Structures are given as structure tokens and as C-alpha cells.
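# pasted the sequence and its predicted model underneath.
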Amino acid sequence: MQQIRNEAIREIKAADNQMAKTKVIDFRVHKAMKEIEVKQQQAERIKQSKQSVQENKEMQNLVRQKVLEDKLKRQDKLITLKHSTSNIEDNMTPNQNKRRYEQEKAEENYRKEYAHYLKQCAEINAMNEKRKFEQQKLRSLKSVLEAEDKQQRKLVDLRKQMVSQQLEEKDKATKRMENELVRQKQLQSNLEKMQYRKILEDIKVKQGLM
């Protein structure tokens, strides 16, 4: 009987030690949640900067790593507590029942905090996905604007080329007209000279006959 009592006392002490470890883990989880909250606020303030994407990736990696670590610690803690209390459940005193209730309450609080923690992780992932979608929209809009600007430049260049070609053709037509006028004037001058010479020849012929 004394041996059973001593074993029960040892197991109760082990359970108390495990409860203390649980509180330490809960404090670390709470601290990690605070750190994530601070980092989330920092990410919100710098979401317009070019470095936000890289920082969000680092935060995601940190969150994933922290979730995995907490999950493993949680599993180890539950397994240890289960083994520590399984042998003395039938011989618990009121104080032990109280400690067990507090332990279950602490576990329930931990589960709630852990669920809230996972919710924050999901919100961070959703925010990052939304930011990626918005950045993709901006890149697509930029590509469309660049394509429109390029097309507009082509139209302007084509218009300049057409105007230049029209001016060149107009200059050629003007020169042809000027050359034609010069030729007509030259022909008129030659004709007048020929008529003048004929008149002179006719006068000479008449004078010779007289």
C-alpha cells in the first residue's frame, strides 16, 4: 500500500512538473502569437514597398515552422500527460481532481489559442494571396498600357510618314508644274521669235520686189 502511495505521489509530482512545462509552452505560444501580430502589423505598414513580398514569404516560413514545432510539442505533451495520469486516475484525491480540472481547462484554453493562431495564419495567407492577385492585376494592366502606348506610337509614326510622303509628292507636283510653266514660256518665246523673224523676212521680200 505504501509503495502504491509513493508511486502515486511520484506520478502526481511528474504531472505537476508536466503542468509547469505546459504553462511554459503556453507562454511561448502566446509570445509567438504576439510576435506574429507585431510582424503582421509591420507587413501591413510596408505592403506598398517592394520588399513586402519577400518579407511575407519569410513570415509564412516562420509561421509554418512555428505551427509544426507547436504541433509536435503539443503531441509530445499530450502523450506524456496521458501516460503520467493513466495509472493514478482511480486513486485521485480532491486536490488531484482539482489539478486535473485545471489541467483540462488549460488544455482547452490552449486549443482555443491554437485555433486562433491557425486562424491568424490563414488570414495572413489570404492576405498574401490577395496581394499577389492585386500585383498580377497591376502587371497585366501595365502590360496592356504598354501595348496600347506602343500601338499609339506606331500610329503616330505612320501618320508622320504619310504626311511626309504627301508633302514630298506635293513638292514634286509643284516642281513639275513650275517646270511645265517654264517650258510653256520657252515655247511661247520661241514661237514669238519665229513669228518675228518671218515678219522680217516677209518685209525684206516685199522690199526686194519693190
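Structure's in. What do you need?

# for the helix or strand where Met127 lies, name the packing helices and strands.
Assigned by DSSP states H and E, Met127 falls within helix 94-209. In terms of contacts (3 or more CB pairs under 8 Å, 6 or more residues apart in numbering; DSSP states H and E), helix 94-209 is packed against helix 2-45, helix 52-86. Using the backbone N, CA and C atoms, a C-beta is placed for each residue, glycine as well.

# pLDDT averaged over that helix - what is it?
In this model, helix 94-209 carries a mean pLDDT of 83.

# how far away is Glu35 from Leu138?
Separation of Glu35 from Leu138 (CB to CB, to the nearest Å): 31 Å.

# cool, Lys172 as well?
Lys172 is 51 Å from Leu138, where distance means CB to CB.

# and Lys150, by the same measure?
Going from Lys150 to Leu138 by CB to CB gives 18 Å.

# same thing with Arg159?
To Leu138, Arg159 is 31 Å away according to CB to CB.

# same question, Lys206
Going from Lys206 to Leu138 by CB to CB gives 101 Å.

# same thing with Gln207?
According to CB to CB, Gln207 stands 102 Å off from Leu138.

# what does Lys198 give?
The gap separating Lys198 from Leu138 is 89 Å, by CB to CB.

# what do you get for Glu180?
The value you get for Glu180 to Leu138, if CB to CB is used, is 62 Å.
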